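> Kindly generate the corresponding structure for this input.
(one chain, ligands or ions: 1)
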Amino acid sequence: MTDTAAGQIDHVFHERRLFPPPAEFTAKAVIRSQEQYDDLYQRARDDRDGFWKQEAEQHLHWFEPFGEVCKWNAPHAEWFVGGKTNASYNCIDRNIDQGRGDRAAIIWEGEPGDTRTLTYNELKSEVCKCAAALRELGIQTGDVVSIYMPMTPELAIAMLACARIGAIHSVIFAGFSAESIADRNNDAQAKMVITSDGLHRRGKVLPLKVTVDEALEKSPSVQTCLVLRRIGNDDVPMKDGRDVWWHDVVDKQSDDLPAEPLDSETPLFILYTSGSTGKPKGILHSTAGYNLWAKRTFQWVFDHRDDDVYWCTADCGWITGHTYIVYGPLAAGATCLMFEGAPNYPAEDRFWELVEKYKVTILYTAPTAIRAFIKWGDQHVDKHDLSSLRLLGSVGEGINPEAWMWYHKKIGGSSCPIVDTWWQTETGGIMMSPLPGITATKPGSCTQPLPGVVPSIVDETGASVDAEHGGMLCIDQPWPGMLRGVWGDEERFVETYWATVKGKYLTGDNARCDKDGYYWIMGRIDDVINVSGHRLSTIEVESALVSHELVCEAAVVGRPDDLKGQAIAAFVTVTDPNPGEELRQELRMHVRKQIGALAQPDDIRFAAAVPKTRSGKIMRRLLRDIAAGREAAGDTSTLEDYSVLATLREEE
Ligand code: 7RM
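Next comes the predicted model:
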């Protein structure tokens, strides 16, 4: 490690490998030359309004044209002022108008292996019927509808049906507790909940409706519950006057309901996301800007072509599912695979079986999944022909170089570019990513900002710092996909994102930018560890640990230390069934060799699993409490598996 002045983030990534895009890829790519990208980037930066005017006119349908392109009164933005459009129209009707009606929009496979394909024409019929049913059930423009459903086509249909009539959807991941659903219903004053009789999960059935019933006892604003039959479980109790079956009200509706012309800034959805403290925030996105950002970032980053079969493995309960299963790819007329099940059911090769079966060309998944595949073993991958793949994507966390290399070699056959996409629920869509036809990638770096994204790196006072040293990542200019607010909490919106640096969006992540202009996300601001005045990023220490052959996963946090200010505590899962003092010592030395003495963990705890949010992110806040011997505080509603916490404590 370089000896640096106190206060700067020690950059300890020694990643020097560079992977230029294969020439055959570049030859056919949507963006195929650096000049083309430079031109886009410079136009978007230097003539923001001119650039986005042209983009919006070309890539969205307008019932009525907009006037002003961007009305920016920080932190409030209005995009495409006065225009009228509709996200459901853009995702469906526009494709039909342009001759893509018979193309498969969604190819779906359920956990038990049942399948269904919906063309754009068929998707339109289903969305119209659902929208008409919502109307019949009293849902009006501006009403909030909570959606708590399995990953079935009806989940996407329900989202698009809301969009069609200007209702605001709030998708709640179908693993949340009754308490979490009730909190979200109450915060948003939801009028309806759409759910199902149950959900298939690793061969078992989860009774979703029972959970919703419990939530509805504490959700006075909800008047109607619409229930899809997914399992065939007719015993579910239906409350008279409140609960209705999907097949009773949706199926009988007309399959042609014109999309409502909606003002550009009509709220499209709320998505709840946990903050580091306190209750979840309802991140608000609006219609035109979000839809345009979703579509264009999809086309740029995934290099979409007509014959692609694109698969994003996220759940629609997360922003990745909203933007890159529904609004982006459908607006681009793509064919999307949608999968209901888990990656290891009935066996650990399910994903690879699907890639082979549907000849998937673009795969977008998360580092947490990739690390699980590595742990499960190559034999599950080797059984399948993955030669249809041409592009791989990663999202959700930084991808450690070890996992990157495995993904590149084992899944991509060393010939597919990897796009490591950095973005947030708040940003609506991808902000930084390689462009697969032109960017030479470095494992672990999300490389460069997309057109329209103007980043900066600042210190705690908001002053610009030397980008190579690292600091807090901000976005200096408004962009179409940016969040429009925190539902019902203007103060929190301003405090969280806009108070540190005037007029700049504070991402909450730390980053540094290397000499080549490549960005490296160093983790959340709260995750920086300060050891004797040296600032270390958790992800680097984690990457070093994971590069040891016996380590599957690692989570690193700081804990108070009288001498050093903070000491490093590491929670690791290993393949060794009986890890002991010897391995502990070996791992310490390993980190010391990889990074330096300062980064050597003080505590190493062997754990059966690290606590993660249901979307796969390590819950470092909880680990900080455990490492410091405190009661875990704050919101744990996104914790994947509560039993993990209990076992981690036992380790103490
Ligand atoms: C898309 C999504 C956002 C936070 C973000 C980062 C982390 C996401 C990457 C990443 C490093 C990446 N939205 N993050 N992608 N860190 N490299 N490619 O995940 O709202 O759920 O989370 O996730 O800390 O701020 S999110």
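> does the residue of the stretch 101-250 of the chain found nearest the ligand count as helix, strand or coil?
The stretch 101-250 of the chain approaches the ligand most closely through Phe173 (11.1 Å), counting by C-beta to the nearest ligand atom. To be clear about C-beta, it is placed using only N, CA and C from the backbone, and glycine gets the same treatment. When classified by DSSP: H, G, I helix; E, B strand; the rest coil, Phe173 comes out as coil.
> Disregarding flanking residues, what is the spatial nearest neighbour of it?
The shortest distance from Phe173 to any non-neighbouring residue, by C-beta to C-beta, 6 or more residues apart in numbering, is to Gly317 (2.8 Å).
> So that neighbour, which state does it fall into?
Following three-state DSSP, the label given to Gly317 is coil.
> Next, count neighbours for it.
Residues contacting Gly317 under the criterion other C-beta atoms under 10 Å number 23.
> right, and it touches Val171 too?
Yes - between Gly317 and Val171 a contact is recorded at 5.5 Å, counting by C-beta atoms under 8 Å.
> Show me which residues of this protein sit near the ligand.
Counting by C-beta under 6 Å from any ligand atom, the residues of the chain lying close to the ligand are 273, 319-320, 395-398, 420-425, 446, 508-509, 521, 524, 615.
> 5 Å instead, please
Taking C-beta under 5 Å from any ligand atom as the criterion, the chain approaches the ligand at residues 396, 398, 420, 422-425, 446, 509, 521.
> Would you mind listing which of those are buried?
Listed as buried from the residues of the chain next to the ligand are 396, 398, 420, 422-425, 446, 509, 521; burial here means 16 or more other C-beta atoms under 10 Å.
> Show me the two of those that sit farthest apart.
For these, the farthest-apart pair by C-beta to C-beta is Asp420 and Thr425; their separation is 17.9 Å.
> Excluding sequence neighbours, find me the nearest residue to Pro22.
Leaving out its chain neighbours, the residue that sits closest to Pro22 by C-beta to C-beta, 6+ apart is Ser415, at 5.8 Å.
> give me phi/psi at the one you found?
Reported as degrees, to the nearest 10, the phi and psi values for Ser415 are phi -120, psi 0.
> what does Glu581 give?
Backbone torsions for Glu581, taken as degrees, to the nearest 10, come to phi -60, psi -40.
> what does Glu553 give?
The phi/psi pair for Glu553 (degrees, to the nearest 10) is phi -140, psi 150.
> Distance of it relative to the ligand?
Taking C-beta to the nearest ligand atom, to the nearest Å as the criterion, Glu553 is separated from the ligand by 16 Å.
> How about Lys515, nearest residue that isn't a chain neighbour?
Nearest non-adjacent residue to Lys515 (C-beta to C-beta, 6+ apart): Glu468, at 6.8 Å.
> where along the stretch 251-400 of the chain do the helices fall?
Remark: helices assigned in the stretch 251-400 of the chain by DSSP state H, counting those that start in this stretch are 287-302, 319-321, 328-331, 350-358, 367-376, 379-382.
> out of the ones you listed, which comes closest to Asp240?
Between the helices of the stretch 251-400 of the chain, helix 319-321 lies closest to Asp240; by C-beta to C-beta that is 33.4 Å.
> Counting by contacts, list what that closest one packs against.
Helices and strands touching helix 319-321, by 3 or more C-beta pairs under 8 Å, 6 or more residues apart in numbering; DSSP states H and E: there are none.
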